[in-house]
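1. Need coordinates for the below:
(chains A, B, C and D)
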Protein chains: 4
Amino acid sequence: MTANVAVLGASGYTGAELVRLIATHPAMRVAALTADRKAGQSMAQVFPHLRHLALPQLTTIDQVDFAAIDVAFVALPHGLSQSLVKSLPSDLKIVDLGADFRLTPEGYQSWYGNEHVAPELQAEAVYGLTEFYRDRIRGARLVAGTGCNAATVQFALRPLIEAALIDLDDIVCDLKNGVSGAGRSLKENMLFAERSEDVAGYSQGGKHRHLGEFDQEFTKLAGRDVRILFTPHLVPVNRGILASCYVKGDPAAIHAALSDRYADEPFCVVLPMGELPAMSHVQGSNFVHLGVAGDRVAGRTLVVSTLDNLNKGSSGQALQNANLMLGLDETAGLLLAPIFP
Amino acid sequence: MTANVAVLGASGYTGAELVRLIATHPAMRVAALTADRKAGQSMAQVFPHLRHLALPQLTTIDQVDFAAIDVAFVALPHGLSQSLVKSLPSDLKIVDLGADFRLTPEGYQSWYGNEHVAPELQAEAVYGLTEFYRDRIRGARLVAGTGCNAATVQFALRPLIEAALIDLDDIVCDLKNGVSGAGRSLKENMLFAERSEDVAGYSQGGKHRHLGEFDQEFTKLAGRDVRILFTPHLVPVNRGILASCYVKGDPAAIHAALSDRYADEPFCVVLPMGELPAMSHVQGSNFVHLGVAGDRVAGRTLVVSTLDNLNKGSSGQALQNANLMLGLDETAGLLLAPIFP
Amino acid sequence: MTANVAVLGASGYTGAELVRLIATHPAMRVAALTADRKAGQSMAQVFPHLRHLALPQLTTIDQVDFAAIDVAFVALPHGLSQSLVKSLPSDLKIVDLGADFRLTPEGYQSWYGNEHVAPELQAEAVYGLTEFYRDRIRGARLVAGTGCNAATVQFALRPLIEAALIDLDDIVCDLKNGVSGAGRSLKENMLFAERSEDVAGYSQGGKHRHLGEFDQEFTKLAGRDVRILFTPHLVPVNRGILASCYVKGDPAAIHAALSDRYADEPFCVVLPMGELPAMSHVQGSNFVHLGVAGDRVAGRTLVVSTLDNLNKGSSGQALQNANLMLGLDETAGLLLAPIFP
Amino acid sequence: MTANVAVLGASGYTGAELVRLIATHPAMRVAALTADRKAGQSMAQVFPHLRHLALPQLTTIDQVDFAAIDVAFVALPHGLSQSLVKSLPSDLKIVDLGADFRLTPEGYQSWYGNEHVAPELQAEAVYGLTEFYRDRIRGARLVAGTGCNAATVQFALRPLIEAALIDLDDIVCDLKNGVSGAGRSLKENMLFAERSEDVAGYSQGGKHRHLGEFDQEFTKLAGRDVRILFTPHLVPVNRGILASCYVKGDPAAIHAALSDRYADEPFCVVLPMGELPAMSHVQGSNFVHLGVAGDRVAGRTLVVSTLDNLNKGSSGQALQNANLMLGLDETAGLLLAPIFP
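-> This is a model prediction of the structure:
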């Protein structure tokens, strides 16, 4: 049996990544692709690297016959997903890659500043961090993909917060972010000439919306308010997020906790104590590499986590969740090795 | 049945690319990995991006039990292959990725300046440009992988020379080359600080050894001496070769000839008339993209060909040939879509 | 005496480059900066790298008091210059960096497809290739900066055409172009994620408008029609053009002609015979590096020319011309050494 | 009067940067260049971007006539400087760019693990952070250039420690480092193919030798032991260091302290409150850009500092110090605007 997949919002980078991954998935096929402004074009025009694939033409969403679709991936700008998902058949399995269903109603209102149009779906949606919500995702109809930064940092910190291994009031997360996370939309600061040879922080000072996810998840885990410091920095790399998390806690205990937690996870690799991961070593893949190092200042530990923002941070995670929702092998289509160099 | 593969010279980029591809190949497994200076290390130490795979440790070549090997890929610096291959069991299937078996004895002597130690194997070896030597490769024991530049240009020109569509005395091939083609060895001009923000030609003036392959193959096809102009240029890209071939001939006829020739080829894609391919659209894949454009100067045509030098230009081609030699589906393990961005 | 300079269109890359160069010019100061959409902003907001300079705020053009300006640089998108220049005081010295005054009326009409609004100024304008129009520029009121590609190739070919050293019917110019040549405007294919890891040709087939300049200049020099083949390729580099020119002619004679021609030129450097220049070795400077190599095919020669498109290819050239127009030392402010790495 | 300059160790990147800067310095000229292994070559061979300059040939150090030299820059690998400087004329003004004279004897022994061969010169040497040691540098004979990371972070933190504005026990400095800081020596991890598309930390855990400088300087300033956390990360950029310093203290007070401290400094620019600097905006220059942002977590502040490691972080700083030592204008030759893009 092959599942029929629709990608709604296929003209962005996460849409293209979904199609790339499904191309070698043993039990899925692309049955519908939509892109509002580019409807009528072929995928080969929009993404020539997919030229060799036999793919349906891009259409508008209302041209899709959802009765023939087993799972829909929604890769729309945030804000648009909620009304769309509300309008889709109520028995359609959906993985949303945007921000609309990640937060509680209060969290959403507070970080996005407007009322949600589908609060009942907010309640239904399961948070898509597979390794920590696997059982609920298996039975879910609607899964909300996590933010790519949110995923990267949670892989580093969740086991530590859960086991009460670190000081919750002193967590500094400094992120280095590949540019594809900004998507394909036209912004002056995303031009090659502006980004190459540059590193610069953005959304600093506790303003980045992925903080809504950190607050929600870490507070739930800790049973008390947790507010981390989190600053992303754009680096001239296509894909990848590397999170350097500075925490107070014992490095050996932290390394042991991460090693134990991920021992049976197919996509999470903990490096030997003292080794730190490199962004390029997970590029193009669904893997997360994690490393731990102590410091000459006793009781301080650096935990570094890295993943590919378009893959494990977005489309790969979405596919992993869809595999679970469809009863397929969780790793199907996702074991592609990273590409290096 | 799963074929047991040995990669001899696994610590270079083509070795790593072979392992990456075999990782998702349905009918091969890596049974032995060798690397002289790095023998004793794990592949995860040498290439951490392959850390998630269960792989044999790197050994020296004499530690390999070739009786248990179905096919060996030899990825050694040129000059070392010929004596090694001579010493291997005479019934072992071998794909050599280096230059030692590409040329006739005369060609080899003339371009490499020394006598070949295994002329009988030179005679036996089949030239590894799959799309043009498929039948002979199927029955071969020893296949000689082509030069990566040689492959790129031949995809553009062979059908045109064969059909006598172009002036054989006026062929200018200007190549743009990603840096991984230079391998992992330490050279000052390959440092990041020297290569980024730079474009520079090398081996100009008819001195590049891949000319030996062009001379041999094009002369054979044309039935007369053919000497193309060929200048490679290093560009700050990891993977990829893009060949701009300036020829004298009719653009429509040229486009038709290429379209016809590659209509049934799974890995060769000819773009619509007037469109030229981009290097990034084949990255990480075994695909070749070809484009043709006329000029306001009548009778002049630009044919552009692009492929990934580590994949279709080297390890992907090698795997495609091994598939044929082992009686497997030629495309097995090779349909990974390009990675973009 | 310090000349007062206006930069009209200061929010683009060539505008910024002019300000950067004038910052250390011994006899010029920036007196006015304009930028239509960004009027009212400070230059530090638009280009934070110029933050340390005391500069006038950006205004609209009609806010400039041209009576106080000695020379105006016009860095507007083509098409806008002609009506603007027409409206400026008729005794104002002007260097236009755009395409509006480079061509004869016929050439302009043919390449740009519309009638010119200021034909009398077309007639007055002097073509800005300093090394070849120096005397006329010295006395000019209006100088038309050359296209950056046009400059690069002309440095390589003019002396050869003038001395009748090459076959005029077989000139192939393959260019590699840094992305800043496309300016700061928002185009999907100029995003970092699209340009990094890519090389792709554009305007191939004799359609690029800089061909108008080649036709005009080379035909004038040769006394007969000359039509070169010219294909630019975008490479992931910020600044730089490297032109590989394939010609039929004697390499030694060609090298001698270039060496003689540029012996006394302060900005043109001819490398020793057989050496080819590298794009990064002129970055950030007003220098042109030229190299010549023969080929194993007798009578074929490769001439390579490289310069920084924003500097010598545009703003540096403009400043060099302004120096001449103002009676200053031609090299004033322009001897900054290239920046490497 | 023009000072005669010797650059000892001119074949590395900091040597080339010194020559680039001196090329437009109004009162210095390059009188001698040395490079052990490359002695006998011209600077144009070693650094073709300096090809247009009339420069002395590279020699060995013992071929230099130091009687004719006014100031010598020593750009040798650490460990070699101390014995060399000891052997130079005792009245020669020297700026050492290496690590040999930065630390107290105890600090040196502890971080470098061997005894210093010239302890009397250690005592004599003045620490070269110009903005904080200006008066002593003016009268010094031997100045020890700071580490490039050490300079970047000290610009951010010294005024805050001095004014007791931050918690000395909770300082986290996360650095992003351009690759030229690693020099021109051959290391596998510095190849283009390894560094492009990558970000990775190194010397983490309190092992980087620049910590010796932080310990020494911050402890002196604070009057008590200070031990910061400091992790550098390689980013695929040629030049630049961007330090993200996470401190506990009031953002407004911190911004005020930095603004006051640097108000009269020609090379230090403090951005408006809440704005953070970008690495590319100081590239190629002697400027430092500093920014301050608060956080939603009260009492937390991010201070970001960025400079060009080859220029302000090394050769520019050295030249600034030499200007002072020679009684020249401190900014002579150093006001080149950054190059962008």
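
2. for chain C, what are the nearby residues on chain A?
-> Residues of chain A found near chain C (CB under 8 Å from any CB of the partner chain) are A:13, A:179-180, A:184, A:186-188, A:190-197, A:236, A:238. Glycine gets a C-beta too; all of them are placed from N, C-alpha and C.

3. What's the PyMOL syntax to select whichever of those are buried?
-> Entered in PyMOL, the line below selects the buried ones among the residues of chain A next to chain C, by 16 or more other CB atoms under 10 Å in any protein chain shown:
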select buried, chain A and resi 13+179+180+184+190+191+192+193+194+195+196+197+236+238
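
4. Near chain B, list only the ones from the residues of chain A next to chain C.
-> Contacts with chain B within the residues of chain A next to chain C, counted by CB under 8 Å from any CB: A:Y13, A:S180, A:E197, A:N238.

5. contacts with chain D among those, please.
-> When CB under 8 Å from any CB is applied, the members of these adjacent to chain D are A:E197, A:N238.

6. so which of the ones next to chain B among the residues of chain A next to chain C would you say is closest to C:A44?
-> A:E197 (19.4 Å; CB to CB).

7. for the closest one, what are its contacts?
-> A:P236, B:E197, C:N238, D:V237, D:N238, D:R239, D:G240, D:M279, D:S280, D:Q283, D:P341 (CB atoms under 8 Å, 6 or more residues apart in numbering or on different chains).

8. Where does it fall, secondary structure wise?
-> Here A:E197 sits in a region with no helix or strand, counting by DSSP states H and E.

9. And the furthest pair within the ones next to chain B among the residues of chain A next to chain C?
-> Farthest pair in those, by CB to CB: A:Y13 and A:E197, 22.2 Å.

10. is it true that A:Q283 touches A:N309?
-> No: A:Q283 is beyond contact range of A:N309, at 10.1 Å (criterion: CB atoms under 8 Å).

11. so what's in contact with these two at the same time?
-> Taking CB under 8 Å, 6+ apart as the criterion, A:Q283 and A:N309 both touch A:R239, A:G240.

12. ok, the longest helix seen in chain A near chain B or not?
-> What stands out as the longest helix in chain A, according to DSSP state H, is helix A:148-162. No: using CB under 8 Å from any CB, helix A:148-162 stays clear of chain B, coming no nearer than 14.5 Å.

13. Next SSE downstream of that helix?
-> Past helix A:148-162, the next helix or strand by DSSP H and E is strand A:172-177.

14. State the mean pLDDT of that following strand.
-> For strand A:172-177, mean pLDDT is 98.

15. Quick check: residues of chain A near chain B?
-> Neighbours of chain B within chain A, by CB under 8 Å from any CB: A:13, A:16, A:19-20, A:23-24, A:47-53, A:180, A:197, A:238-239, A:267, A:269, A:271, A:277-278, A:280-285, A:287, A:289, A:335-341.

16. Can you get me a residue count around A:D91?
-> 8 (other CB atoms under 10 Å in any protein chain shown).

17. circling back: and the longest helix of chain A, what's buried?
-> Buried residues in helix A:148-162, defined by neighbour count with 16+ other CB under 10 Å: A:148-161.

18. helices or strands up against that helix?
-> helix A:130-138, strand A:172-177, helix A:210-222, strand A:229-234, strand A:241-248, helix A:251-262, strand A:288-294, strand A:300-307 (3 or more CB pairs under 8 Å, 6 or more residues apart in numbering or on different chains; DSSP states H and E).

19. roughly how far is the second one from the heart of the chain?
-> Its chain's C-alpha centre lies 16 Å from the corresponding centre of strand A:172-177 when counted by CA atoms, centre = their mean, to the nearest Å.

20. That one pairs with which strands?
-> Within its sheet, strand A:172-177 is paired with strand A:229-234 (parallel), strand A:241-248 (antiparallel), according to DSSP bridges.

21. which one of these lies closest to B:H78?
-> With CB to CB as the criterion, B:H78 lies closest to strand A:241-248 of the strands paired with strand A:172-177, at 37.2 Å.

22. Rounded mean pLDDT for the closest one, please.
-> In this model, strand A:241-248 has a mean pLDDT of 98.

23. Give the full set of residues in contact with A:S42.
-> For A:S42, the contact set (CB under 8 Å, 6+ apart) comprises A:L55, A:Q57, A:L58.

24. Would you write out the ChimeraX command that picks the buried residues out of those?
-> Here is the ChimeraX command that picks out the buried ones among the contacts of A:S42, judged by 16+ other CB under 10 Å:
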select /A:55,58
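
25. Any chance of the contacts of A:S42 in TSV with pLDDT, distance to A:W111 and secondary structure as columns?
-> Below are the contacts of A:S42 laid out as TSV (pLDDT from 0 to 100; distance: CB to CB, whole Å; DSSP: H, G, I helix; E, B strand; the rest coil):
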residue	pLDDT	distance to A:W111	secondary structure
A:L55	98	35	coil
A:Q57	98	36	coil
A:L58	98	31	strand
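
26. Closest one of the contacts of A:S42 to chain B?
-> Comparing these against chain B with CB to the nearest CB places A:L55 closest, at 10.8 Å.

27. so that closest one makes contact with A:V19?
-> Yes: taking CB under 8 Å as the definition, A:L55 is a contact partner of A:V19 at 6.9 Å.

28. Between the two, which contacts overlap?
-> With CB under 8 Å, 6+ apart, A:L55 and A:V19 have common neighbours A:V30, A:L33, A:M43.

29. from the residues you listed, which are also near chain D?
-> The subset of these lying close to chain D, counting by CB under 8 Å from any CB, is empty.

30. Just to be sure, which of those residues are found in strands?
-> A:V30, A:L33 (DSSP state E).

31. among the shared contacts of A:L55 and A:V19, which ones are buried?
-> Buried among these (16+ other CB under 10 Å): A:V30, A:L33, A:M43.

32. Mind putting the residues you listed into CSV with pLDDT and distance to A:E106?
-> Output for the buried ones among the shared contacts of A:L55 and A:V19, formatted as CSV (pLDDT from 0 to 100; distance: CB to CB, whole Å):
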residue, pLDDT, distance to A:E106
A:V30, 98, 37
A:L33, 98, 35
A:M43, 97, 39
